[in-house]
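S.K.: sequence plus predicted model, see below.
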Amino acid sequence: MAGLFLLMLILFMADMLTGSTQMAAPDVLKALFGSGPAGDEIIVMQFRLPKALTAILAGAAMSVSGLLMQTLFRNPLAGPDVMGVSSGAGLGVALTLLTLTPLFTLAEGSILSGWGVILAAWAGAGAVMIIIMAVSVRMRDIMTVLIVGMLLASAISAVVSLMQYFSNEVMLRTYVIWTMGNLGNISYPQIRALALATAAGLAIAFTMVKPLNAILMGETFSRTVGVRMQRTRIVLLASASILAGSVTAFCGPLAFIGVAVPHIARLLFGTSDHRILMPATALAGAVILLLSDIISALPGGGHIIPVNTVTSLIGIPVVLWIILGKT
């Protein structure tokens, strides 16, 4: 665990050094402490530091959300978008970017300027979460809830595809860029909001460590040891939705982080005990997303690969390994 934390710090500094403008480590440190040239301070404090902080928060949040989903549904391929929360966020953004009557229109001079897409994504994710909660209260079988979530995600994707078909070129381009995922262009007030949402979701998740360990043995065993399954299910769904919905709102959809990272943490630590696996997954998620952000900026020449492309290239081999290992 200490080694993973140290690796996160190393990659954090490496991420601060990576970008279209070449900067030496001493220059970055001077800029961090406010003693460097004004240009360096702008690059570091306004662009690189927010991006690196966002990578840590988003990586931890998406990974723990995936861990909760995999344990709750006892499905190794479950992830944050399996319940349609990410699709709901995408629908909110689509209503804002692809229609002539945006869901949230905020004036440039208002205190919430720049929050339109974020609020729309939160609203979409929250609406889907409420629907899933309502289904979870009525259905005792967790697999039924899973199927409903998958159907809901498919229905939302169909609606978004229809909106894309009828949207104009400028709107479509803006939406497609959002779907590629982006860790930059996030202001410090937005980072604080993401940090609060991530802290709330992780706090809820960490209080559920014992029920999660019991769920590994099956629902029947969980009930015999006193786990109130319906309440536990709702709390876990709420935590996973807060984590995944908030990250999707601020960063766009981040593919495969939620599916792949929990398995990487299990492989590294050789355990399914959530007392160890929960912090390990959070740290591993931060490490993987920092590494993805560094790789996305490597081509140089001012060109940056979308971070979603890099996370997919890392996550797909892990998912294939899981599938092949089960057959």
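M.R.: Yep, it's here. All values derive from a computational prediction rather than experimental measurement. Numbers count the residues shown, from 1 in each chain.

S.K.: return the backbone torsion pair for residue 271.
M.R.: Main-chain torsions, residue 271, degrees, to the nearest 10: phi -150, psi 160.

S.K.: isn't it right up against residue 278?
M.R.: No: taking Cβ atoms under 8 Å as the definition, residue 271 is not a contact partner of residue 278, at 11.1 Å. All C-beta atoms are positioned from the backbone trio N, CA, C, and that covers glycine.

S.K.: out of those two, which sits in the busier spot?
M.R.: Between residue 271 and residue 278, residue 278 has the larger neighbour count (other Cβ atoms under 10 Å), namely 22 against 12.

S.K.: what about that one, helix or strand, and which?
M.R.: Element membership for residue 278 (DSSP states H and E) is helix 274-296.

S.K.: can you give me the buried ones in that helix?
M.R.: 274, 276-296 (16 or more other Cβ atoms under 10 Å).

S.K.: likewise for stretch 2-15?
M.R.: By 16+ other Cβ under 10 Å, the buried positions in stretch 2-15 come out as 4, 7, 8, 11, 12, 15.

S.K.: okay, which residue is most central for the chain?
M.R.: For the chain, the residue nearest the mean C-alpha position is residue 62 (3.5 Å; Cα atoms, centre = their mean).

S.K.: the host helix or strand of it: how far from the chain's middle?
M.R.: Of the helices and strands defined by DSSP H and E, residue 62 is found in helix 49-73. When distances are taken as Cα atoms, centre = their mean, to the nearest Å, helix 49-73 is centred 5 Å away from the chain's centroid.

S.K.: name the helices or strands packed onto that helix?
M.R.: Applying 3 or more Cβ pairs under 8 Å, 6 or more residues apart in numbering; DSSP states H and E, we find helix 49-73 packed against helix 2-17, helix 142-166, helix 188-206, helix 209-215, helix 229-251, helix 257-269, helix 274-296.

S.K.: export those helices to JSON lines and tack on distance to residue 56?
M.R.: Formatted as JSON lines, these follow (distance: least, Cβ to Cβ, whole Å):
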{"stretch": "helix 2-17", "distance to residue 56": "7"}
{"stretch": "helix 142-166", "distance to residue 56": "27"}
{"stretch": "helix 188-206", "distance to residue 56": "9"}
{"stretch": "helix 209-215", "distance to residue 56": "22"}
{"stretch": "helix 229-251", "distance to residue 56": "12"}
{"stretch": "helix 257-269", "distance to residue 56": "12"}
{"stretch": "helix 274-296", "distance to residue 56": "4"}
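
S.K.: quick check: closest non-adjacent residue to residue 31.
M.R.: Distances taken as Cβ to Cβ, 6 or more residues apart in numbering place residue 44 nearest to residue 31, at 3.8 Å, with adjacent residues excluded.

S.K.: so what's the residue count around the one you found?
M.R.: Using other Cβ under 10 Å: residue 44 sits among 24 other residues.

S.K.: who touches it in this structure?
M.R.: Counting by Cβ atoms under 8 Å, 6 or more residues apart in numbering, residue 44 makes contact with 16, 23, 28, 31, 32, 36.

S.K.: lovely, talk soon.
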